[in-house]
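Asker: got a predicted model here, sequence first, then my questions.
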Amino acid sequence: MEFNGAKVAIIFEEKLLMQLRDNTQGLFNANMWDFPGGGRKGDESPVECAIRETQEEFGIILNKYSFVWEKEYPAQKDPKQKAYFLVAEVSKEDIESIRFGSEGQGWRLMDYETFFEKEDVIPALKIRLEDYLAEK
């Protein structure tokens, strides 16, 4: 299976775990609200990539049973490549265990309405979450 990376929408009590990306010149989607995720390492599966990235960015250790949905999409940076969008559900204990990493300006739990209304949420993520909600 060839793909470039993965993003995961982490849901806790109908809220989304979001990270405000760094505001660094030249950074793709700088200063935008984003889900955990990033580039694939080695021969990781989409789930393994999402687990690693979530642990690196938030300290949350997901397991394969946390995931409730996944779908392949064109990669955001290069639509000729493939990427995965996944959805995972977490517990209160997971949220309480957050240890925000060195990437990003901060994090928050965001309700769906705010997520879809905010102009500084990465647009592709809105489309992908809509796909999940439509199939749910």
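Answerer: Here it is on my side, so go on. Numbers count the residues shown, from 1 in each chain.

Asker: and stretch 24-36, average pLDDT?
Answerer: On average, the pLDDT along stretch 24-36 is 94.

Asker: ok, residues contacting that stretch?
Answerer: Where contact means Cβ atoms under 8 Å, 6 or more residues apart in numbering, the residues beyond stretch 24-36 that reach it are 7-10, 16-23, 50, 53-54, 57-58, 76-77, 104-105, 110, 115, 118, 120-122, 125. (Glycine included, C-beta is placed from N, CA and C.)

Asker: tell me which of these fall in strands.
Answerer: Using DSSP state E, the subset of those located in strands is K7, V8, A9, I10, L16, L17, M18, Q19, L20, M110.

Asker: would JSON lines of those residues with distance to V87 and pLDDT be doable?
Answerer: Converted to JSON lines, the ones in strands among the contacts of stretch 24-36 look like this (distance: Cβ to Cβ, whole Å; pLDDT from 0 to 100):
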{"residue": "K7", "distance to V87": "10", "pLDDT": "98"}
{"residue": "V8", "distance to V87": "7", "pLDDT": "98"}
{"residue": "A9", "distance to V87": "5", "pLDDT": "98"}
{"residue": "I10", "distance to V87": "8", "pLDDT": "98"}
{"residue": "L16", "distance to V87": "10", "pLDDT": "98"}
{"residue": "L17", "distance to V87": "11", "pLDDT": "98"}
{"residue": "M18", "distance to V87": "14", "pLDDT": "97"}
{"residue": "Q19", "distance to V87": "16", "pLDDT": "97"}
{"residue": "L20", "distance to V87": "20", "pLDDT": "97"}
{"residue": "M110", "distance to V87": "15", "pLDDT": "98"}
